[in-house]
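**Student:** Generate a structure from the sequence data that follows.
(one chain, ligands or ions: 1)
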Amino acid sequence: MDFTVSIDGTDQSAPANGGDTVLDALLAANVGFSYSCQAGNCGTCKCELVSGEIFEMEYSEHALLPQERERGVVLACRSQVWSDVVVRRLQAEEFIVHPSRVLRCRVAALDWLTHDIVGLRLEIELGGPYSFSAGQYARIELAGAPDARDYSMANCPNEPLLEFHVRVLPEGQISRRVAALKIGDAVRVSGPLGTSYLRAMHPGPLLAIAGGSGLAPIRAIVESALECGVLHDMHVYFGARAARDVYGQQWFENWRSRGVQVHVVLSEKATGETPFRSGWVSDAVAEDFSDLSGFKVYLAGPPPMVDAAIAVLRARGVHPRDTHADSFYPARATAPMRSPRQASRL
Ligand code: FES
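**Tutor:** Modelled structure (predicted):
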């Protein structure tokens with residue numbers, strides 16, 4: 001036998017010849033693994049490729065969604081082994097797929113949250129019910145606008161109005177149209193999208209890091225975690241440029257009263273007295289924690305902030321599978337199919 005197939009987090013492994021599928025190797029060694037069709041049609045054998053090189057044979061598009069593949073999920077029955085390979089069994093909550101909906105909505109409220117971030121609240125008129133997991137995003141289209149844009153839901157899944165936080169840029173074709181919406185205007189919303197959603201079953205502490213309007217999905221995650229009775233240590237870091245960019249203080253006070261540690265960190269040096277910390281939000285996390293192993297971490301914000309924070313998380317021992325940060329990456333688009341394939345993680 002040329003290679004070994006191992007299951008992450010267990011002592012289970014199986015020998016494999018080059019070209020054997022992951023599933024065949026495991027079953028031949030009497031390693032229990034869920035499967036059904038063995039032909040790439042049902043999706044029962046989904047697992048995560050942790051390391052190693054595989055060749056993916058053809059499978060039905062219904063068995064594995066592009067966004068799952070993008071996250072490193074593969075079909076064991078369609079994955080030929082071409083090196084030592086480590087796979088991980090999926091946990092039920094790693095695998096939530098809500099039905100995709102196209103909603104016709106009306107503007108119910110529009111409020112400025114800071115000098116350049118507007119809070120848009122929408123009432124669903126047609127196309128519901130809309131189910132999603134806290135932290136996911138949706139695609140928003142406005143009548144007459146040239147493009148759609150993706151924004152994260154800031155509301156909890158059980159709240160009746162959909163809420164989005166939109167940073168209005170001087171040259172922003174879509175964001176300026178959002179800011180000019182009137183109560184009752186029509187907005188089309190499709191989704192949900194994204195895999196950076198709350199894993200409420202995680203047994204360890206929770207760390208959430210937001211920058212600017214990235215507070216939207218983090219608000220949904222923290223509120224939902226509190227609602228679900230997640231009582232572990234929870235820590236929220238919100239990075240903003242200056243005091244005028246800080247919003248959500250009413251949420252922060254509420255979270256603090258429920259035991260959540262909340263830190264607001266300003267990247268610009270304040271001129272006078274300020275209740276906020278200063279510096280980069282990722283540096284504040286690095287200062288406060290020498291070891292983050294076992295934490296589940298959610299990040300949302302501009303890519304430089306997310307990248308700097310991920311470097312800190314890696315140095316502090318956060319496992320890549322416990323890092324969830326896809327909301328603000330430009331690479332939201334589906335990755336092209338490619339084989340052979342190597343595990344790649346955040
Ligand atoms: Fe059905 Fe693999 S067992 S897709």
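**Student:** can you give me the mean pLDDT across stretch 274-284?
**Tutor:** Mean pLDDT, stretch 274-284: 95.
**Student:** May I see the buried residues of that stretch?
**Tutor:** 277, 280-284 (16 or more other CB atoms under 10 Å). Every C-beta, even on glycine, is put in place using the N, C-alpha and C of the backbone.
**Student:** Which positions in the stretch 101-250 of the chain make contact with the ligand?
**Tutor:** Residues of the stretch 101-250 of the chain lying close to the ligand (CB under 6 Å from any ligand atom): none.
**Student:** Any idea which residue is closest to the centre of this protein?
**Tutor:** S196 (1.1 Å; CA atoms, centre = their mean).
**Student:** Test my guess that that residue contacts A220.
**Tutor:** No: if you go by CB atoms under 8 Å, S196 and A220 don't touch, sitting 10.6 Å apart.
**Student:** Now for these two: what residues contact both?
**Tutor:** Common neighbours of S196 and A220, counting by CB atoms under 8 Å, 6 or more residues apart in numbering, are G135.
**Student:** before we move on, back to that, so which of the buried residues of stretch 274-284 sit within helices?
**Tutor:** Counting by DSSP state H, the part of these found in helices is 281-284.
**Student:** want to throw those residues into a markdown table with distance to G259?
**Tutor:** Formatted as a markdown table, those follow (distance: CB to CB, whole Å):
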| residue | distance to G259 |
| --- | --- |
| V281 | 21 |
| S282 | 24 |
| D283 | 25 |
| A284 | 20 |
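**Student:** Which member of those residues is positioned nearest D20?
**Tutor:** The shortest approach to D20 among those belongs to S282, at 42.9 Å (CB to CB).
**Student:** Over to E123. Which of the three states is it?
**Tutor:** What DSSP: H, G, I helix; E, B strand; the rest coil gives for E123 is strand.
**Student:** follow-up on the earlier one: which of the buried residues of stretch 274-284 lies closest to E141?
**Tutor:** V281 (31.8 Å).
**Student:** any idea how far N17 is from the residue nearest to G211 when sequence neighbours are not counted?
**Tutor:** In space, and not counting its chain neighbours, G211 is closest to G301: 2.7 Å by CB to CB, 6 or more residues apart in numbering. Distance, G301 to N17, by CB to CB, to the nearest Å: 46 Å.
**Student:** Likewise for P170?
**Tutor:** When P170 is compared with N17 (using CB to CB), they lie 60 Å apart.
**Student:** ok, those two, which is more surrounded?
**Tutor:** Taking other CB atoms under 10 Å, P170 and N17 do not tie; N17 has more neighbours (12 against 7).
**Student:** out of the buried residues of stretch 274-284, which touch the ligand?
**Tutor:** Applying CB under 6 Å from any ligand atom to those, none is adjacent to the ligand.
**Student:** can I get those residues in a markdown table with distance to G119?
**Tutor:** Converted to a markdown table, these look like this (distance: CB to CB, whole Å):
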| residue | distance to G119 |
| --- | --- |
| R277 | 25 |
| W280 | 26 |
| V281 | 21 |
| S282 | 26 |
| D283 | 29 |
| A284 | 25 |
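**Student:** So of those, which two are at opposite extremes in space?
**Tutor:** R277 and S282 (12.3 Å).
**Student:** residue contacts, the residue of the stretch 101-250 of the chain at minimum distance from the ligand?
**Tutor:** Using CB to the nearest ligand atom, the closest approach of the stretch 101-250 of the chain to the ligand is made by T195 at 19.8 Å. Listed by CB under 8 Å, 6+ apart, the contact partners of T195 are 67-68, 71, 324, 326.
**Student:** That one: which element?
**Tutor:** Assigned by DSSP states H and E, T195 belongs to no helix or strand.
**Student:** and it, what pLDDT?
**Tutor:** 80.
**Student:** Could you measure from it over to G135?
**Tutor:** Taking CB to CB, one finds T195 at 9 Å from G135.
**Student:** residues shared between the contacts of the two?
**Tutor:** Joint contacts of T195 and G135 (CB under 8 Å, 6+ apart) are H324.
**Student:** ok, back up a step: list the residues that contact the residue nearest to the centre of the chain.
**Tutor:** 135-136, 217, 298-300, 324-327.
**Student:** Looking at those, which gets the smallest pLDDT?
**Tutor:** Within the contacts of S196, pLDDT is lowest for S327, at 47.
**Student:** circling back: and of the contacts of T195, the nearest to the ligand?
**Tutor:** Each of those was scored against the ligand by CB to the nearest ligand atom, and E68 proved nearest at 12.1 Å.
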